[in-house]
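Trainee: Provided below for reference: sequence and predicted model.
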Amino acid sequence: MARSARIMVTSTYHLGVEKAMSDFDVIVIGGGPAGCYAALTAATKGCRVAIFEEHGAIGRPRHDPGWLMESEFTKSIMSVLESEVIGTKVQEYRVCNSENGELIEKSTLGGYLVRRDLLEKEIAALAIQAGVSLYLKAKVLRLTRKGDKVEGIETSSNIIPRAKGEIFICADGIRSAGNGFAASEGLCERSEVLPGISYLLANAEVSAGIIEHFLSSDPLLNYRCFWPHCKSACYFSLPVSSTLYEFRERQDNIVSRKIQNACALEIGGYATAHSGKFGEHFEDIVKDNIMFVGDASGGVGNIHGMMQGQFAGMVAASAIKDKDVTNKRVSEYQDLVLDKLGKVPFFFFSAREDFGSFDNWFSQFEESTRGIKATEVACFQ
Ligand SMILES: Cc1cc2nc3c(=O)[nH]c(=O)nc-3n(C[C@H](O)[C@H](O)[C@H](O)COP(=O)(O)OP(=O)(O)OC[C@H]3O[C@@H](n4cnc5c(N)ncnc54)[C@H](O)[C@@H]3O)c2cc1C
């Protein structure tokens, strides 16, 4: 059924008779890891699904350094996709003092480093194989309502300016709390979007597979991290107020010394727009027939987002199958998220406060999500 929907869209467009309007069971807004995983799950379970992504590529611009927290879900993805996403098992996650480099703690539960843009592309490709229609350069501009339900979307795309759906999965990322749907649907206060700079560095003094995470009372030195995928390439981010060149001029800390001879291979931007505590889900992550997943739900983290995508896709598919698209039914998604992820959100910036140590956070996350596997990925191999 999904395939015929895709053909209808294309042929209507090519005939030039009228702009296409398509019907889907599930419409996913945003093609990040959370949205792609939700689409993959719903399509695997038989739904007609479409993803609308505002950019011209899945995975670009790159959103983060591609650290995947350890869990059974992560391992099951990596057992299938490790070579496709150029994955590296993290040997050690080190937390150190930024000024003198002293080790504060270390963990061997550091998960994986992957090429994040490739990860999204792989998940999206599997979703397409499962029948998902993907529309690029198709920004969702607004949701249209009938009664107390959303019935469709309007987009910026000439190819598919409108589409109708039964269930909507909002996966529009961190900006959802800025000028996106989480704020416009009243899930959170509208917050300011703050930019940052993300570098891919060559020649930093790092070791492949060893994440180094630096803490300091100086805000600029605090939470500076090296994510080295291999000896020659390492991700590093800075707030927009400082450039790499200024940062490495400093002589008073180990982080600057480690990048003294480094050179940027890639400079990208990122955005943050946090309404409330970083990583904590909004009180409600379902509204009417819309489920919010990933950063759009207030949560953070690639693995957290993909798990949420899996929960949302599962609930959407069973509600559609039973022809029971009520808010009560769709809210089963929220219960799953609270049950499995509510106790171990992506509290990256407060892990030591909330869990005592990063190692504790990692092991509690692994424990709480035990048994959740990326079965959708495995079933395509
Ligand atoms: C500097 C930094 C480093 C990070 N490092 C890590 C890390 O190493 N590991 C980790 O797990 N997490 C990390 N995170 C968090 C991680 O990047 C996010 O949690 C993750 O990207 C969320 O995925 P998502 O699918 O919810 O949203 P996103 O990846 O943001 O995807 C949202 C998608 O929706 C699209 N979109 C937005 N609005 C619309 C619209 N109206 N119509 C159509 N499409 C739209 C966007 O173009 C985008 O493709 C980091 C975050 C930052 C800021």
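Mentor: Here it is on my side, so go on.
Trainee: residue of the stretch 251-381 of the chain closest to the ligand, please.
Mentor: Closest approach of the stretch 251-381 of the chain to the ligand (C-beta to the nearest ligand atom) occurs at residue 294, with a separation of 2.1 Å. Yep, even glycine has a C-beta here, placed from its N, CA and C like the rest.
Trainee: neighbours of that residue, how many?
Mentor: Counted with other C-beta atoms under 10 Å, the neighbours of residue 294 add up to 32.
Trainee: cool, and the one 4 residues further on?
Mentor: Residue 298 is flanked by 26 other residues according to other C-beta under 10 Å.
Trainee: SS state for the nearest residue to it once chain neighbours are set aside?
Mentor: Sequence neighbours aside, residue 282 is the residue nearest to residue 298 in space, at 4.0 Å (criterion: C-beta to C-beta, 6 or more residues apart in numbering). State at residue 282, reduced to three classes by DSSP: H, G, I helix; E, B strand; the rest coil: coil.
Trainee: what's residue 282 sitting at in phi/psi?
Mentor: Dihedral angles phi and psi of residue 282 (degrees, to the nearest 10) take the values phi -60, psi 160.
Trainee: my guess is it contacts residue 291. True?
Mentor: No - assessed by C-beta atoms under 8 Å, residue 282 is found out of contact with residue 291, at 12.0 Å.
Trainee: ok, now how distant is residue 200 from residue 268?
Mentor: When C-beta to C-beta, to the nearest Å is applied, the distance between residue 200 and residue 268 equals 8 Å.
Trainee: are we agreed that residue 28 is in a helix?
Mentor: No - secondary structure of residue 28, determined by three-state DSSP: strand, with no helix assignment.
Trainee: between residue 282 and residue 291, which has more neighbouring residues?
Mentor: Neighbours around residue 282 and residue 291, counted as other C-beta under 10 Å, are more numerous at residue 291. The numbers are 31 against 22.
Trainee: name the helix or strand for the more buried one, please.
Mentor: strand 290-292 (DSSP states H and E).
Trainee: packing partners for that strand?
Mentor: With contacts taken as 3 or more C-beta pairs under 8 Å, 6 or more residues apart in numbering; DSSP states H and E, strand 290-292 sits against strand 167-170, helix 181-184, helix 302-321.
Trainee: make a markdown table out of these and add mean neighbour count and distance to the ligand.
Mentor: Putting the helices and strands packed on strand 290-292 into a markdown table (neighbours: other C-beta atoms under 10 Å; distance: least, C-beta to the nearest ligand atom, whole Å) gives the following:
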| stretch | mean neighbour count | distance to the ligand |
| --- | --- | --- |
| strand 167-170 | 30 | 9 |
| helix 181-184 | 21 | 7 |
| helix 302-321 | 25 | 4 |
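Trainee: in contact with residue 96, which residues?
Mentor: By C-beta atoms under 8 Å, 6 or more residues apart in numbering, the contact list for residue 96 reads 102, 103, 104, 212, 213, 214, 215, 254.
Trainee: so it bridges to which residues?
Mentor: Under the criterion DSSP bridges, residue 96 forms beta bridges with residue 103, residue 214.
Trainee: that older thread, counting neighbours, which of the contacts of residue 96 comes out on top?
Mentor: The most crowded member of these is residue 212, carrying 25 neighbours; neighbours defined as other C-beta under 10 Å.
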